[in-house]
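>>> here is my input; please provide its structure:
(one chain, ligands or ions: 2)
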Amino acid sequence: MKKAAIILTILFVVLSCGGRKATTAKVPVTTTAPTATTVEFSADSAFRYIKKQTDFGPRVPNTEAHLKCSAWLASRLSVFGAQTYIQGFETETFDKSKLQCYNIIGSYNPDCPTRIILCSHWDSRPWADNDSDPANWKTPVDAANDGASGVGVILEIARQLQKKAPGIGVDCIFLDAEDWGPGPDFKGNHLDTYWGLGTQYWAKNPHKEGYRARYAILLDMVGGKGAQFAREKYSVMYGKQVVDKVWNAAASLGYSSLFKQSDGGYITDDHYFINTIARIPAIDIVPYLPQCPQSCFGPTWHTTQDNISNIDKNVLEAVGKTLLTVIYNEKQ
Ligand code: AHN
Ligand code: ZN
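Residues are numbered from 1 along each chain as shown. Ligands and ions are numbered 1, 2, ... in the order given. Purely as a prediction, here's the structure:
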C-alpha cells in the first residue's frame with residue numbers, strides 16, 4: 001500500500017467509530033438533538049437486571065453469590081455485543097481480609113480512540129451497619145440500590161448500544177469491592193482508601209495499556225424511591241463540564257426535579273480514585289437527601305431494607321435516558 005493510502009486508511013479508521021462514516025456524501029441538515037422521543041430505554045428491563053442480581057443473594061466478595069453474579073454480568077455484556085474483559089485480582093481490606101475480586105468491562109467501538117466510561121460498583125456491602133436494629137448490623141445487604149441499580153441501568157444502556165452504535169467508544173465498567181469500608185466493629189483510623197478497592201486496582205492497572213478516556217460517569221444508588229441528585233463536590237471539582245453536560249441533558253428531558261441544580265457534599269466514592277489515580281475526569285451520580293434522617297444517601301442505605309421492593313422504575317428511567325442522551329450527543 002502507498003504511504004498516502006495507508007494514512008488515509010488510518011484516518012478512516014480513526015474517524016469512523018460505530019455508525020459514523022468519514023464520507024463526503026451530502027446529508028440533510030438537521031438540528032434535532034436526541035431527545036426523550038429518540039432515546040429508547042426500558043426501565044422494565046433495567047429493573048429485571050437488578051432483580052436478577054439480588055436473586056443471587058448478597059454479592060459479597062469471597063461468596064458463591066459473588067462468583068456466580070460475576071459470570072452472569074460478563075455474559076450479559078458479551079451477549080449485548082461488547083468486547084468483554086474480566087479483570088481478576090486479589091485485594092486486601094481494612095481488616096486484612098484477602099478478597100478475590102473481579103472488575104468486569106464491556107467495550108463498544110473498542111478501537112475508537114475517543115472514549116467515555118460508564119461505571120458502577122457491583123459488590124454488596126457485607127454489613128447492614130446503618131440498620132435501625134443493631135441485630136442486623138452484621139447481616140449482608142441485598143444491595144438492590146447500593147450496587148445492583150447502577151449495574152442494571154448500565155446493562156440496559158449496553159443493550160441499547162448494541163441496537164444503535166454510539167459515535168464514540170463506550171466502556172461499561174462494573175467495579176468490585178467498593179463497599180468493604182470499615183464495618184460495625186472497627187475502632188481504628190478511617191482511611192478513604194478502605195473504600196473503592198476495585199477502582200483503585202483498575203486505576204493502577206487499566207484493562208488496556210495506555211488506556212485513556214475523555215471522562216467517566218459513576219452511577220451509585222440510582223434506583224431508590226425519592227432519590228434526588230445534587231452536584232457532588234468532587235465531581236464539580238474534577239469534572240464540572242461533565243456535570244453540566246449531564247445535568248443539562250436531564251433538564252432537556254424534563255428531569256430537573258430529580259437532577260437538582262444544587263450542591264451536594266464531598267463523597268469518597270469510586271469516582272474519587274478515577275480522578276486522583278487514573279487522572280480521568282470522573283463524576284458521581286449519587287443521591288443527596290440532606291433531610292433524610294437515616295442517611296443523606298436515602299433511608300435504605302446500608303440497611304436490610306436495601307432490597308428490590310424499594311427500587312423505583314421512574315428513577316431508573318430518568319437516569320438511563322439522561323445517560324443515553326449524553327452518549328449519543330458525544331462526537332469525536
Ligand atoms: C462515604 O460514606 C464517605 N462513602 C460511601 C461510598 C459508598 C458506599 N457508596 C456506596 N456505598
Ligand atoms: Zn454502600
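
>>> could I get the average pLDDT for stretch 85-96?
What stretch 85-96 shows for mean pLDDT is 97.

>>> would you mark the buried spots in that stretch?
Neighbour counts over stretch 85-96 (16 or more other C-beta atoms under 10 Å) mark Tyr85, Gln87, Phe89, Thr91, Thr93, Phe94 as buried. Yep, even glycine has a C-beta here, placed from its N, CA and C like the rest.

>>> equivalent analysis for stretch 50-59, please.
Under 16+ other C-beta under 10 Å, the buried positions of stretch 50-59 are Ile50, Lys52, Gln53, Thr54, Phe56, Gly57, Pro58, Arg59.

>>> what is the subsequent helix or strand relative to the helix or strand bottoming out on mean pLDDT in the chain?
Within the chain, no helix or strand scores below helix 3-15, which has a mean of 38 by mean pLDDT, DSSP states H and E. Counting by DSSP states H and E, the next helix or strand C-terminal to helix 3-15 is helix 43-55.

>>> OK, contacts around Tyr234?
Applying C-beta atoms under 8 Å, 6 or more residues apart in numbering, we find Tyr234 in contact with Tyr266, Ile267, Asp269, His271, Tyr272, Asn275, Asp284.

>>> quick check, the second one in a strand?
If I follow you right, that is Ile267. No: counting by DSSP: H, G, I helix; E, B strand; the rest coil, Ile267 is not part of a strand but coil.

>>> quick check: it touching Ile285?
No: counting by C-beta atoms under 8 Å, Ile267 does not reach Ile285; the two are 10.8 Å apart.

>>> so between those two, which is more surrounded?
Each of Ile267 and Ile285 has its neighbours counted (other C-beta atoms under 10 Å); Ile285 has more, 27 against 21.

>>> for Asp269, see how far away that one is.
10 Å (C-beta to C-beta, to the nearest Å).

>>> ok, Gln261 next?
Counting by C-beta to C-beta, the gap from Gln261 to Asp269 is 21 Å.

>>> who has more neighbours out of the two?
Asp269 (23 against 11).

>>> the more buried one contacts Leu218, doesn't it?
Yes: Asp269 is within contact range of Leu218, at 6.4 Å (criterion: C-beta under 8 Å).

>>> what do the two both touch?
In terms of C-beta under 8 Å, 6+ apart, Asp269 and Leu218 are both contacted by the residues Asp284, Val286.

>>> any stretches of this structure with poor pLDDT?
1-37 (pLDDT under 70).

>>> hey, where'd the strands end up in it?
Using DSSP state E, the strands found in the chain span residues 83-92, 98-108, 115-121, 169-175, 215-219, 229-231, 259-263, 282-285.

>>> and the shortest one, what does it pack onto?
What that stands for is strand 229-231. Applying 3 or more C-beta pairs under 8 Å, 6 or more residues apart in numbering; DSSP states H and E, one finds that strand 229-231 contacts strand 259-263.

>>> for Val170, what are its contacts?
Taking C-beta under 8 Å, 6+ apart, we find Val170 in contact with Ser107, Tyr108, Asn109, Arg115, Ile116, Ile117, Leu118, Leu161, Ile327.

>>> cutoff 7 Å now
Shown in contact with Val170 (C-beta atoms under 7 Å, 6 or more residues apart in numbering): Tyr108, Asn109, Arg115, Ile116, Leu118, Leu161, Ile327.
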